[in-house]
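1. Return a 3D structure for these sequence lines:
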Amino acid sequence: MEEVHLNSEPLFDDGNEYEFEEDANAMDSGGEVSDAQPLKGHTPPTVGLEFDSFDQAYDFYNMYGKEQGFGIRVSNSWFRSKRKERYRAKLSCSSAGFKKKSEANNPRPETRTGCPAMIVIRLVDSNRWRIVEVQLEHNHRVSPEIKRFYKSHKKMIIAAKKTQPPSKPVMHMHVIKLYRAAAINSGSNGHLSISRGDGIDSIDHAKYLELKEGDAHALYNYFCRMKLTNPNFFYLMDVDDDGRLRNVFWADARSRADYAYFSDTVAVDSMCLANKFEIPLISFIGINHHGQSVLLGCGFIGHESVEHFVWMFRAWLKCMLDHPPQVIFTDQSKAFQSAISEVFPKAHHCFCAWYIMQRLHEKLGGLKGYEVIKRQLKRSVFNSLKLAEFETSWADMIHRHGLRDNKWLQSLYEDRQMWVPVYLKDTFFAGMILIQESESKSAFFDGYVHKHTSLKEFVDKYDLVLHRKHLKEAMAELESRNLNCELKTRCNFEVQLARVYTKEIFKRFQSEVEGMYSCFNTRQINVNGTIITYIVKERVVTGKEKEVRNYEVLYETSQVDIRCICSLFNYKGYLCRHALNVLNYNGVEEIPRQYILSRWSKDCKRQPLEIPRGSNDVDVHNPAWWHNNLYRRAIPIVEQGARSKDHYKITLHELEELLNKLDLVEDTLSAPENV
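-> A predicted model of the protein is given here:
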């Protein structure tokens, strides 16, 4: 079973190789027609529809014209100058334009009306033709009831008598004519090809997406529109031998650019699967420098199985140029676990505690003493600083409430190293992990989709969701740059990071600076060479309960390295109040550089990107890599340019100057060499 996909414009266009040719008797250029038959109730031509040959595209429009009641002709053709190979054509209504005036005594009457109806088709990837422009309206009457044979229709009928009709192009995705490819190109820029050897096609053939009326058309039109307006838009479809759609994945240019900055920790949002929504939506979510969720791609999955998840993860990985995340969160699922280990073997896979906590009532709500069980379970998970504390607290809960035979709790305990914070202290999570009972999260599309949202409805509102998310990020960017954060203490740490971090991340860090005053009695308990161990006491309030807790902090004096047992830096990306107290106790007035992360800075997206670690196979000479890198660099320019009218004028002027320089380079390269 071959993989199939519907991608995209060539990365660069050899425009200087071409010449333009006007075809007066254009029908003669299309004289060789294929063996097509007219379709009843034929779908109108649509931008983005593709064909295997020029003849197939011609016949498609000719059949549509016969059904509507007009003939067609090839009014214009463009050819490559060296090979005389047609690469673009305009197919017009036979009434397009006007004939030259004849000097004959009895000239034939004018039959043309200057009709604007036409389609423009273009050769892509050397062997396929795509509709890139459509005009359906005529300026004269057309009707299939008019018993008139046009020249184009006659040729079609003659050809049809000689051969059998070919497979007909249609618009619906589940039976759409897709082109097939032979091998995978890991550096693709929306031009993705997948072979059997990659393991993506080992899907259970009986499982596929259930498309309702209008779903396929909406999705197809959206993809076609995005590929024409967003050159770095990427999508991939998994279709079985019967033409049924099993899985689909897509990511826009912004998602691909954001991934370069925020690929450290990624969550697979499967809320729609967990809650049995009508749309089987899976989203890949990251955290940006404002602490906001950002979309890094999404798709529809036909079945919750290892094979389907493997296909989805491989599609996403190829979209991101084979650069895997360091940490990936999913729902607790053996299928997810198997698929992650196969596709992302080096990534740290964790289960999302939020999903687990959401199921407490469903799984345990019927038990006697449910509220007490829930409180003790959460205390075990979120309050344990050491492994022994968790193990003791969990065992006490199981024993006290007679839960030894509860299968769900057994599975949670068996998987504890994948979701309980105390087991995950050595991994960086960029704020995505839940470490407090009071924390919560929401799905990226929460509030925009409900249980009965159809695929068509989702596609229709998809752009609106992204627009609002991007607007929220733009507002946070503006506030971070233009507003001075209010300082609440006299601590140098607060002053230091107020200049560096975005507003939201600084506010989170600021709460730790304020929390220094709830800590007391910082004392040294051990010295081992350059490593000093401290105990910091803190008054902690949990609900109505108050207690004093001891936090162990290790301080390395030569490199000024510091590590607290609460591990807030790894969890959230900034130092905790206990570590700050120890630094202050030792007279350190500024936070060491290694604890100030660039991913939280105001200038995060303005910093040059390095080639990802472990990506030795990244081809920096690949035009796809150039495109992605340039796009990432351009986003900050656009955002800065939109800050004010003056910024806009300067940015527009500089971009126009840059384009002029690029045109000069292009002219130089295309100029004939002096002999």
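2. When you work out contacts or count neighbours from here on, use the C-alpha atoms and nothing else.
-> Fine.
3. which helix of the chain spans the most residues?
-> helix 455-482 (DSSP state H).
4. Would you mark the buried spots in whichever helix or strand comes after it?
-> Downstream of helix 455-482, the first helix or strand assigned by DSSP states H and E is helix 492-498. Using 16 or more other C-alpha atoms under 10 Å as the test for burial, helix 492-498 gives 493, 494, 495, 497, 498.
5. for the longest helix of the chain, the distance to its chain's centre please.
-> 14 Å (C-alpha atoms, centre = their mean, to the nearest Å).
6. elements contacting that helix?
-> For helix 455-482, the packing partners by 3 or more C-alpha pairs under 8 Å, 6 or more residues apart in numbering; DSSP states H and E come out as helix 215-229, helix 503-515.
7. on that earlier part again, present the buried residues of helix 492-498 as TSV; the columns should include distance to residue 53 and pLDDT.
-> Formatted as TSV, the buried residues of helix 492-498 follow (distance: C-alpha to C-alpha, whole Å; pLDDT from 0 to 100):
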residue	distance to residue 53	pLDDT
493	66	95
494	65	94
495	66	93
497	60	94
498	61	93
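8. which stretch of helix or strand covers the closest residue to residue 555 other than its chain neighbours?
-> Distance criterion C-alpha to C-alpha, 6 or more residues apart in numbering; nearest residue to residue 555, sequence neighbours excluded, is residue 562 at 4.6 Å. Using DSSP H and E, residue 562 sits in strand 561-564.
9. Send me the very next helix or strand once past that strand as CSV with only the CA atoms.
-> As assigned by DSSP H and E, the chain's next helix or strand after strand 561-564 is helix 568-572. Listed next in CSV are the C-alpha coordinates belonging to helix 568-572 (Å, rounded to 0.1, in the frame of the first residue of the first chain):
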residue,chain,number,x,y,z
LEU,A,568,11.3,24.1,40.4
PHE,A,569,13.9,25.1,37.9
ASN,A,570,13.6,21.9,35.9
TYR,A,571,9.8,21.9,36.3
LYS,A,572,9.2,25.6,35.4
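10. Could you shift the numbering so residue one becomes 17, and keep it that way?
-> All set: I'll call the first residue 17, so the last point we hit is now helix 584-588.
11. Touching, residue 445 and residue 283? I think so.
-> No - using C-alpha atoms under 8 Å, residue 445 makes no contact with residue 283, being 10.4 Å away.
12. For stretch 532-542, which residues meet the burial criterion?
-> For stretch 532-542, using 16+ other C-alpha under 10 Å, the buried residues are 532, 535, 538.
13. quick one: the helices in the stretch 117-266 of the chain?
-> 167-178, 231-245 (DSSP state H, counting those that start in this stretch).
14. weakest of those helices by average pLDDT?
-> For these, mean pLDDT drops lowest on helix 167-178, to a mean of 61.
15. What lies in contact with the helix or strand that contains residue 314?
-> According to DSSP H and E, residue 314 maps onto strand 309-317. Applying C-alpha atoms under 8 Å, 6 or more residues apart in numbering, the contact partners of strand 309-317 are 224-225, 262-268, 271-272, 274-275, 295-304, 324-325, 328, 332, 460, 485.
16. Following element in sequence after it, please.
-> Assignment by DSSP H and E places the next element after strand 309-317 at helix 322-335.
17. orientation of that following helix relative to strand 309-317 in degrees?
-> If you take axes from the mean of the first three to the mean of the last three C-alpha atoms, to 10 degrees, helix 322-335 sits at 130 degrees to strand 309-317.
18. pull the CA atoms of helix 322-335 into CSV?
-> Extracted as CSV, the C-alpha positions of helix 322-335 are listed here (Å, rounded to 0.1, in the frame of the first residue of the first chain):
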residue,chain,number,x,y,z
VAL,A,322,-0.4,1.9,17.8
GLU,A,323,-0.2,1.8,14.0
HIS,A,324,-2.3,4.9,13.5
PHE,A,325,-0.4,6.8,16.2
VAL,A,326,2.9,5.8,14.6
TRP,A,327,1.7,7.2,11.3
MET,A,328,0.6,10.5,12.9
PHE,A,329,3.9,10.9,14.8
ARG,A,330,6.0,10.1,11.8
ALA,A,331,4.1,12.6,9.7
TRP,A,332,4.6,15.3,12.3
LEU,A,333,8.3,14.4,12.7
LYS,A,334,8.9,14.7,9.0
CYS,A,335,7.1,18.0,8.9
